Every structure is written in structure tokens, then in C-alpha cells.
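Q: Got a predicted structure here, sequence first:
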Amino acid sequence: MKQYNRFLDPKKDLGAFSAMIVLYLAIMTGVSFLWSFVISSFIVGRYKGDPLEMQQQLTESISKDGMSYIIAVLIGVILFALYRKGALFKGDVRQKGRKMTWKTFMVFIVFLGFAQLVSATIGQILNQMLGTLGFYNPQEDMSEQLSQSWSLLLYATLLGPITEELVFRGAGLRALEKFGKVFAILMTAIIFGLFHANLDQLFFAIIIGLGFGYLTFEYSFWWAIFFHIFNNLVLSQGLHYLGTHVNENLSDFIQVLVFVGGTIAFTVVLIVKRKEILHYIQENRPAPGVFQRSMYSFWFWVVVLGTTLMSLLPYLRGY
């Protein structure tokens, strides 16, 4: 049995990574504020003689502009490259495992459908529970905003997936790997879900975070990027485009095929491969005491409580 090594402190390493996530979120918030200020100043100067037009332009420009996200994530990548002291691009993303097979490739395609349906079901249940207490989320459909903004679309379907994988499956996963693959996969997946600060995305991000962590360790970091982009570009935005621009019936059919069919197929895989999955967990579990010790991390709980509050703010505003 693995023994807990007191010289390897998960509290310290998880705390350092969590603190970087807090700093990253602060940077994203600050960049968003500054960019909104720049846009507002420009529009106010241009439409100051027409208050109604000015307000309309302000609302549309700020809600549909993704440049602040793009600037923030680029800063974030530099930040985490410094955090890993140059190892992010020299070693973290270059490590490779087994060669991808078509069988495994298809398993991860259906895994994405499984993640979509399971997380959507959990989200619906949670929203209904909050609704019974009088809390409702007034957020708009993000897919519609993406279709109307090239910068938001670029961020959500390409730059966002790449930078998120660099942060979580690159820097985060490798920083925590010393405590065991299971610990690293689980903790980065949880923080990845919390990082989105959105109850609608929380459970989906955690589920795919587990899968992408396994992909990175056992196959390649680049496969995690591929499936992340595939999900955002094809399964999310692609299906939305089909439903609003091509054929809604076709979009509904593909959604049922991918989400329901994927859930059934992946459930079968879980049942058939249950012994191998349990063996993998057993072989790569952390030493006794690692999980317990990591829970003493101050910055981890700052992430948990801070992002949870951010997730609930839309419901509080709609109360």
C-alpha cells in the first residue's frame, strides 16, 4: 500500500494551483472591466447626442464582444507558463502515452454525449429545486450570442478550449501528478468545473474534466484539446447552427442520436469495462491521507466559495 509522504504536501501544491486560478479569474474580471470601459468611452463619445442609440450600442457591443476573453486567456497562458517555470511547453504538453485507436476515439465521442445529457439532467433538477425557492436564472442563450459575434465564436470554439486545456490538463494536471493520477484528475476536474462559475456548466465541465484528464495521462494532451474543440465547435455550436439556420428537425434528430445514443453506448462501456476502470483507479489512487490533507488548502476553498457565489449571483439578481 502506498504511504503518505509528508515531504510531498498536497495542501501546498493544490493551494498554489488554486491561488493561480484565483489570480487568473481576477485577471479575466479586470480585463473585462477595462475593455468594457474602453468600448463605453468610445461609444459615449460617438453617440452622446442620442442617449437611446448610445444605450443600445453599449448593450450590444459589450454583450457580443469577446475580445476581453481573448486578451485575458492569452495573459493567463503566460501566467501559467511562469507558474510551471518553463515546464508547460517544454514537458507538460509533450508527454505521450498509448497510441489512439478508432475504438477509443469512438468511446470518447459517445462520452461527450453522455456528459451533455447527464449534466443537462442534473442542471434541470437543480434549476427546478432553486425555482421552488423562488430563484430563477435570467441568463440569455449563449449559443445565440456566439452566432452573432466572431470574437466570441473564436474564443468559445478554439482559443477557449486550447487555453483551458493548457491551464488544467497542462499546468494543473502535471503539478498534481506526483500525488497520483486519480488525485490529479479528480481535483483538476473539480476546479475546472468551478472555474466556469456557472451552474449550467459546472457538472458538464467536471465530467469532461475527468475524461480529458484520463486522455492526457494515457494518450496525449493534444487529444484532450481535440475533443474539447470538437465538443464546443461541433456538438454545441454546430447543432445550434443546424437548428437555427438549416433544419430544426435534423438538429433534434442528431441531438437525440448523440446525447441519448451516446449515453446508452457509454453506459454499456462503463458496465463492460468496470473491472478495468476499478483496476485503473486502484493502481493510480493517492496514498492514504492525501485527499484529507489537500482539504486544508486555504486557496482551494477560496476557489470553491468564490466561484459558487459567482454561480448563484444570476439567480439572486432574478429573485
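A: Sure thing, it's come through.
Q: which intervals of the stretch 51-200 of the chain have sub-threshold pLDDT?
A: Across the stretch 51-200 of the chain, the ranges flagged by pLDDT under 70 are 51-64, 138-148.
Q: Show the pLDDT at residue 260.
A: Turning to residue 260, the model gives it a pLDDT of 94.
Q: so who does the closest residue to it other than its chain neighbours touch?
A: Using CB to CB, 6 or more residues apart in numbering and skipping the chain neighbours, the partner closest in space to residue 260 is residue 117 (6.5 Å). Using the backbone N, CA and C atoms, a C-beta is placed for each residue, glycine as well. Listed by CB atoms under 8 Å, 6 or more residues apart in numbering, the contact set of residue 117 reads 259-260, 262-263.
Q: Give me the most central residue, the protein.
A: With distances taken as CA atoms, centre = their mean, the residue of the chain nearest its centroid is residue 205 (4.6 Å).
Q: Which residue is the nearest non-sequential neighbour of that one?
A: Nearest to residue 205 is residue 193, by CB to CB, 6+ apart, at 4.0 Å.
Q: correct me, but that neighbour touches residue 208?
A: No. Taking contacts as CB atoms under 8 Å, residue 193 lies outside contact range of residue 208: 9.0 Å.
Q: Those two: who's more crowded?
A: residue 208 (25 against 22; other CB atoms under 10 Å).
Q: Could you measure from that one over to residue 25?
A: In this view, residue 208 and residue 25 are 20 Å apart by CB to CB, to the nearest Å.
Q: likewise residue 96?
A: Distance of residue 96 to residue 25, computed by CB to CB: 31 Å.
Q: For the two, indicate the residue with more neighbours.
A: Neighbour count, other CB under 10 Å: between residue 96 and residue 25, residue 25 has more, with 19 against 13.
Q: Please spell out which residues along the helix or strand hosting that one are buried.
A: In this structure, residue 25 is located in helix 10-47 according to DSSP states H and E. Residues of helix 10-47 classed as buried by neighbour count (16 or more other CB atoms under 10 Å): 10-11, 13-15, 17-21, 24-25, 27-28, 31-32, 35, 39, 43, 47.
Q: now swap in stretch 176-185 and tell me
A: Per 16+ other CB under 10 Å, stretch 176-185 contains these buried residues: 176-177, 179-185.
Q: Return the subset of those lying in helices.
A: Judged by DSSP state H, the buried residues of stretch 176-185 include 176, 181-185 as members of helices.
Q: Could I get the full set of helices for the stretch 201-319 of the chain?
A: All helices of the stretch 201-319 of the chain, identified by DSSP state H, counting those that start in this stretch, fall at 221-230, 239-241, 248-255, 261-272, 274-283, 290-294, 298-317.
Q: Any idea which of those gets closest to residue 122?
A: Closest of the helices of the stretch 201-319 of the chain to residue 122 is helix 261-272, at 12.7 Å (criterion: CB to CB).
Q: could you say what helices and strands the closest one packs with?
A: Other elements packing on helix 261-272 under the criterion 3 or more CB pairs under 8 Å, 6 or more residues apart in numbering; DSSP states H and E are helix 102-132.
Q: Now do the helix it packs on against helix 221-230: the angle between them, please.
A: If you take axes from the mean of the first three to the mean of the last three CA atoms, to 10 degrees, helix 102-132 sits at 50 degrees to helix 221-230.
Q: between helix 102-132 and helix 261-272, how big is the angle?
A: Going by the same axes, to 10 degrees, helix 102-132 is angled at 110 degrees with respect to helix 261-272.
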